[in-house]
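Colleague: sequence and computational prediction follow.
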Amino acid sequence: MFRVLLLVVLALLSACSPKGSEAEIVIEAPWVRETPPGRTVAAGYLDIRNNGEQRRALLTAESPDASRVELHTMEHEDGMMRMRQIERLEIPAGTTVSLEPGGLHLMLFDIETAQVGNHVNMTLTFDDGWEIEARFPVRRPDMGHQH
């Protein structure tokens, strides 16, 4: 009887342990750039680490603090930097992709809470259905990128 109970407990513990994307995708150092007074568009940054063995992709980001959030990239084109929306952000297995000023980033539209001292709540959704909820502190770019 004890052995059967032990096997049932071990099976339940195994079923409840993190698997798949839960253990594979990790976000680090999230933050949103403070907006100047009267501006309602902000940029969000973070590092996305894929500890898994399969490529993953960030598909969407949503925030109750903004009317919409888009994935963007900055590219040199004809000697100028151009911002473009992208549909998905690939995160190769075993790598970290950084969203940072001057490169990949999140654009938050119609946001009025992007002032130092506030946080912006976001939900990131990946191609396998995994969602990560995170709080992005608002800061000035000169406050340093802390890991």
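Modeller: That came through fine.
Colleague: from here on, contacts and neighbour counts on C-alpha atoms
Modeller: Fine.
Colleague: ok, Asn50 - contacts?
Modeller: Taking Cα atoms under 8 Å, 6 or more residues apart in numbering, we find Asn50 in contact with 24-26, 56, 91-96.
Colleague: gap between it and Ala61?
Modeller: 17 Å (Cα to Cα, to the nearest Å).
Colleague: hmm, Met114 is touching Ala42, no?
Modeller: Small correction: residue 114 is Ala, not Met. Yes. The criterion here is Cα atoms under 8 Å, and Ala114 meets it with Ala42 at 7.0 Å.
Colleague: neighbours of the residue nearest to Glu100 when sequence neighbours are not counted, how many?
Modeller: Once flanking residues are discounted, Glu100 sits nearest to Tyr45: 5.2 Å by Cα to Cα, 6 or more residues apart in numbering. Neighbourhood size, Tyr45 [other Cα atoms under 10 Å]: 22.
Colleague: before we move on, the earlier item: from the contacts of Asn50, which would you call buried?
Modeller: Using 16 or more other Cα atoms under 10 Å as the burial test, these include 24-25, 56, 91-93, 96 as buried.
Colleague: just send the residues you listed back as a markdown table, with secondary structure too.
Modeller: A markdown table is the format used below for the buried ones among the contacts of Asn50 (DSSP: H, G, I helix; E, B strand; the rest coil):
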| residue | secondary structure |
| --- | --- |
| Glu24 | helix |
| Ile25 | strand |
| Arg56 | strand |
| Ile91 | strand |
| Pro92 | coil |
| Ala93 | coil |
| Thr96 | strand |
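Colleague: want to try TSV for the residues you listed, with pLDDT and distance to Glu131 as columns?
Modeller: Shown next, in TSV, are the buried ones among the contacts of Asn50 (pLDDT from 0 to 100; distance: Cα to Cα, whole Å):
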residue	pLDDT	distance to Glu131
Glu24	91	12
Ile25	95	10
Arg56	97	12
Ile91	97	15
Pro92	97	18
Ala93	97	18
Thr96	98	17
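Colleague: out of Ala114 and Ala42, which sits in the busier spot?
Modeller: Neighbour totals were compared for Ala114 and Ala42, and Ala114 leads with 28 against 22 (other Cα under 10 Å).
Colleague: if I look at the more buried one, how far off is Glu100?
Modeller: For Ala114 relative to Glu100 (Cα to Cα), the value is 17 Å.
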